[in-house]
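Enquirer: Sequence plus the predicted model coming up.
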Amino acid sequence: MNWDAWLPLFIILISLLVALAIFPLAETRVKTRISLNLGGALLKLLLVGFMLWGVYNGHHYETRLAFLPGLDLVLRADALSMLFVVLSTGLWLLTTVYAVGYLEDSPHRSRFFGFFSLCVTATIGVALAGNLITFLLFYELLTLATYPLIVHRGTEASRKAGRTYLIYTIGGGALLLIGTIWLYTLSGTLEFTTRGFLSAVDSSHHPALVIIFVLLIAGLGVKAALIPLHGWLPQSMVAPAPVSALLHAVAVVKAGAFGIIRVVYDVFGIEFSASLGVTLPLAIVAASTIIYGSLRALFQDDLKRRLAFSTVSQVSYIVLGIAIVGPLATIGGLVHLVHQGVMKITLFFCAGNLAETLGIHKVSEMNGVGKRMPWTMVAFTIGTLGMIGAPPLAGFISKWYLGMGALEVGQGWVIFVLAGSSLLNAGYFLPILYAAWFKESVGNWPAERSFGNYETSLALLIPPLVTALLTVLLGLLASAPFSPYSWAQFIATLEYAP
């Protein structure tokens with residue numbers, strides 16, 4: 001058997017088989033469910049590490065299955081896909097550990113973890129898709145797998161959030177489908193290729209290609225939470241904390257942003273996109289989303305909603321980096337795909353700890369919480385400083401290269417967007433840190449549960465501490481081999497090679 005030809009499929013099947021094994025489990029089969037979850041996550045991480053090393057050394061991993069006449073389902077590991085695959089697989093393991101602790105006493109755990117694994121299956125499928133039709137199928141599977149997680153609690157608020165999510169994402173999927181079909185009729189192919197495949201299309205079709213670009217970006221912009229398509233994301237914060245972490249850092253918003261990267265680089269090609277005049281409008285939409293999300297975050301008292309609007313802002317850094325059209329900006333945008341995921345999952349883990357342990361859901365309830373839960377708030381502090389862009393943390397690396405990339409191509413206005421966003425980030429994060437560390441508690445928190453010598457259970461405490469440490473290391477060791485920065489630099493070299 002040619003393992004190189006089947007490894008991408010095996011990696012996807014791991015989480016699918018875990019899901020199918022978990023769904024029928026009785027709620028009392030706790031150890032079996034935990035073993036399946038953690039065993040699947042570890043095996044997937046091991047195979048992804050093997051494939052990452054292979055891609056780095058020039059191995060070609062591609063699974064191709066017949067689908068429609070002239071169209072195959074293609075799973076392919078390339079440099080860009082591995083950036084997203086490694087992020088998703090690594091954070092899946094940590095989120096699984098966290099979810100086990102968070103949902104310890106909750107009902108319907110088999111249902112939750114079953115759809116949780118399906119969500120990861122779809123996300124890895126999105127990452128490894130080798131053409132637009134394969135991407136579309138996994139992208140829509142991600143919508144269907146995520147919906148039950150959003151409505152998991154079964155409350156009226158969660159059902160309303162689920163309906164809103166479906167309306168937005170199914171609408172976005174329809175736009176993506178229309179654009180994909182139209183694109184195929186003009187080009188005769190949907191294969192992702194470095195620097196795109198549309199530059200050879202007859203110039204008489206260029207106006208149609210502009211419309212197709214808008215359709216594809218709008219369809220992907222729903223999950224990427226570009227304004228005005230972001231409305232589903234703050235409402236989805238009624239979901240449990242592990243779901244919020246999954247939505248913001250691992251799966252949904254990242255799938256949208258990753259899809260935009262694929263469309264700009266591997267469908268249209270960055271140079272052809274610029275020649276069509278579509279990159280500057282995309283950059284303006286991204287910049288507007290960055291400022292809008294930060295402004296809305298300033299006025300949110302609900303902690304998870306504040307983090308949600310922060311995500312609306314932060315994910316658009318990725319899109320902005322792609323739309324600026326330059327090697328350094330590309331590095332900034334691609335590296336932020338990883339850095340934002342690590343930083344944001346840290347913050348949602350910490351928010352979940354505060355809610356689960358002390359019943360804290362609002363910013364106004366956080367006075368003095370640093371003394372009661374110091375390790376959780378240390379992780380939260382590192383995550384917020386990273387989001388602001390304080391050196392030498394991961395967020396600083398992203399913003400530095402976005403700014404340098406903007407100056408490289410004469411887009412100086414982007415510097416004001418980055419500076420304004422950083423000030424707004426400080427405006428909605430630093431008051432939280434001040435209240436948590438320096439103000440006296442005014443609330444009566446629930447009595448301490450039995451956690452031994454720890455402020456909360458280790459399953460809830462270890463994941464944010466690990467991701468907070470990564471936030472530091474990704475900044476300090478940015479130029480190390482296999483770091484997100486080094487990998488993004490490698491991708492940018494391919495896209496802009498003469």
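Expert: Here it is on my side, so go on. Residues are numbered from 1 along each chain as shown.
Enquirer: the helices in the stretch 51-200 of the chain, which residues?
Expert: For the stretch 51-200 of the chain, applying DSSP state H, counting those that start in this stretch gives helices covering 79-102, 109-128, 132-150, 156-187.
Enquirer: So which elements touch the second one?
Expert: It refers to helix 109-128. If contacts are counted by 3 or more CB pairs under 8 Å, 6 or more residues apart in numbering; DSSP states H and E, helix 109-128 sits against helix 3-22, helix 30-56, strand 71-77, helix 79-102, helix 132-150, helix 252-262. From N, CA and C alone the C-beta is placed, and that goes for glycine too.
Enquirer: Deepest in the core, which of these is it.
Expert: Among the helices and strands packed on helix 109-128, helix 252-262 has the highest mean neighbour count (mean count of other CB atoms under 10 Å), at a mean of 27.
Enquirer: next structured bit after it?
Expert: Past helix 252-262, heading to the C-terminal end, the next element that is a helix or strand (DSSP states H and E) is helix 270-276.
Enquirer: Flag every buried residue along that following helix.
Expert: For helix 270-276, the buried set under the neighbour-count rule, 16 or more other CB atoms under 10 Å, comprises I270, F272, S273, A274, L276.
Enquirer: before we move on, what about stretch 420-432?
Expert: Under 16+ other CB under 10 Å, the buried positions of stretch 420-432 are S421, S422, L424, N425, A426, Y428, F429, I432.
Enquirer: now the spatially most central residue of the chain, nearest residue through space, not along the chain?
Expert: The geometric centre of the chain, computed from its C-alpha atoms, lies nearest to K254 (CA atoms, centre = their mean), at 2.9 Å. Once flanking residues are discounted, K254 sits nearest to G341: 6.3 Å by CB to CB, 6 or more residues apart in numbering.
Enquirer: neighbours around the one you found, how many?
Expert: Look at G341: counted by other CB atoms under 10 Å, it has 29 neighbours.
Enquirer: does it really touch L87, like I thought?
Expert: Yes: in this structure, G341 is within contact of L87 by CB atoms under 8 Å, at 5.3 Å.
Enquirer: what sits in contact with each of the two?
Expert: When CB atoms under 8 Å, 6 or more residues apart in numbering defines a contact, the residues bordering G341 and L87 alike are V250, K254.
Enquirer: coming back round to it: so which of the helices of the stretch 51-200 of the chain is nearest L470?
Expert: Of all the helices of the stretch 51-200 of the chain, it is helix 79-102 that lies closest to L470, at 8.7 Å by CB to CB.
Enquirer: what packs against the closest one?
Expert: In terms of contact count using 3+ CB pairs under 8 Å, 6+ apart, helix 79-102 is assigned the packing partners helix 30-56, helix 109-128, helix 241-245, helix 252-262, helix 327-358, helix 458-476, helix 484-496.
Enquirer: Of those helices, which is nearest T189?
Expert: helix 252-262 (14.3 Å).
Enquirer: roughly how far is the closest one from the heart of the chain?
Expert: A distance of 8 Å separates the centroid of the chain from that of helix 252-262, by CA atoms, centre = their mean, to the nearest Å.
Enquirer: Check the helices and strands packed on helix 79-102 for me: which has the lowest mean pLDDT.
Expert: Ranked by mean pLDDT, these end with helix 241-245 at the bottom, a mean of 70.
Enquirer: got the buried residues for that helix?
Expert: Within helix 241-245, the residues that count as buried by 16+ other CB under 10 Å are A241, P242, V243, S244, A245.
Enquirer: Quick one: list the elements packing against that helix.
Expert: Using 3+ CB pairs under 8 Å, 6+ apart as the contact definition, the elements that helix 241-245 packs against are helix 79-102, helix 303-323, helix 327-358.
Enquirer: In JSON lines: those helices, plus distance to I14.
Expert: Supplementary listing: the helices and strands packed on helix 241-245 in JSON lines, determined by distance: least, CB to CB, whole Å:
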{"stretch": "helix 79-102", "distance to I14": "10"}
{"stretch": "helix 303-323", "distance to I14": "27"}
{"stretch": "helix 327-358", "distance to I14": "20"}
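Enquirer: Report the separation between L469 and V378.
Expert: For L469, the distance to V378 under the criterion CB to CB, to the nearest Å works out to 10 Å.
Enquirer: my bad, should have said F348
Expert: Per CB to CB, F348 is found 16 Å from V378.
Enquirer: between the two, which one's more packed in?
Expert: Between F348 and V378, counted using other CB under 10 Å, the more crowded position is F348 (29 against 16).
Enquirer: which of the residues in the host helix or strand of S398 are buried?
Expert: Using DSSP H and E, the secondary-structure element containing S398 is helix 394-408. The neighbour-count criterion (16+ other CB under 10 Å) identifies 394-406 as the buried residues of helix 394-408.
Enquirer: what about whichever helix or strand comes after that helix, distance to the chain center?
Expert: Next along the chain after helix 394-408, taking DSSP H and E as the criterion, comes helix 413-438. Put simply, helix 413-438 sits 21 Å off its chain's centre (CA atoms, centre = their mean).
Enquirer: so helix 413-438 versus helix 394-408, what angle?
Expert: Counting by axes from the mean of the first three to the mean of the last three CA atoms, to 10 degrees, helix 413-438 points 160 degrees away from the direction of helix 394-408.
Enquirer: Give me the packing partners of helix 413-438, helices and strands only.
Expert: Using 3+ CB pairs under 8 Å, 6+ apart: helix 413-438 touches helix 279-298, helix 303-323, helix 369-372, helix 374-388, helix 394-408.
Enquirer: winner for burial among the ones you listed?
Expert: Compared across those, helix 303-323 shows the largest average neighbour count, a mean of 27 (mean count of other CB under 10 Å).
Enquirer: relative to helix 484-496, how tilted is that one?
Expert: Between helix 303-323 and helix 484-496, the angle comes out at 40 degrees (the same axes, to 10 degrees).
Enquirer: What would helix 303-323 look like as PDB? C-alpha coordinates only.
Expert: Below are the C-alpha coordinates for helix 303-323, written out as PDB (Å, rounded to 0.1, in the frame of the first residue of the first chain):
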ATOM      1  CA  LEU A 303     -17.000  38.300  29.300                       C
ATOM      2  CA  LYS A 304     -17.600  35.800  26.500                       C
ATOM      3  CA  ARG A 305     -19.300  38.500  24.300                       C
ATOM      4  CA  ARG A 306     -16.400  40.800  24.800                       C
ATOM      5  CA  LEU A 307     -14.100  38.000  23.700                       C
ATOM      6  CA  ALA A 308     -16.400  37.200  20.800                       C
ATOM      7  CA  PHE A 309     -16.200  40.800  19.400                       C
ATOM      8  CA  SER A 310     -12.500  40.600  20.000                       C
ATOM      9  CA  THR A 311     -12.500  37.600  17.700                       C
ATOM     10  CA  VAL A 312     -14.400  39.500  15.100                       C
ATOM     11  CA  SER A 313     -11.600  42.000  15.100                       C
ATOM     12  CA  GLN A 314      -8.600  39.700  15.500                       C
ATOM     13  CA  VAL A 315      -9.500  37.200  12.700                       C
ATOM     14  CA  SER A 316      -9.600  40.000  10.200                       C
ATOM     15  CA  TYR A 317      -5.900  40.600  10.800                       C
ATOM     16  CA  ILE A 318      -5.400  37.300   8.800                       C
ATOM     17  CA  VAL A 319      -7.600  38.600   5.900                       C
ATOM     18  CA  LEU A 320      -5.900  42.000   6.000                       C
ATOM     19  CA  GLY A 321      -2.400  40.400   5.800                       C
ATOM     20  CA  ILE A 322      -3.500  38.500   2.700                       C
ATOM     21  CA  ALA A 323      -5.200  41.500   1.000                       C
END
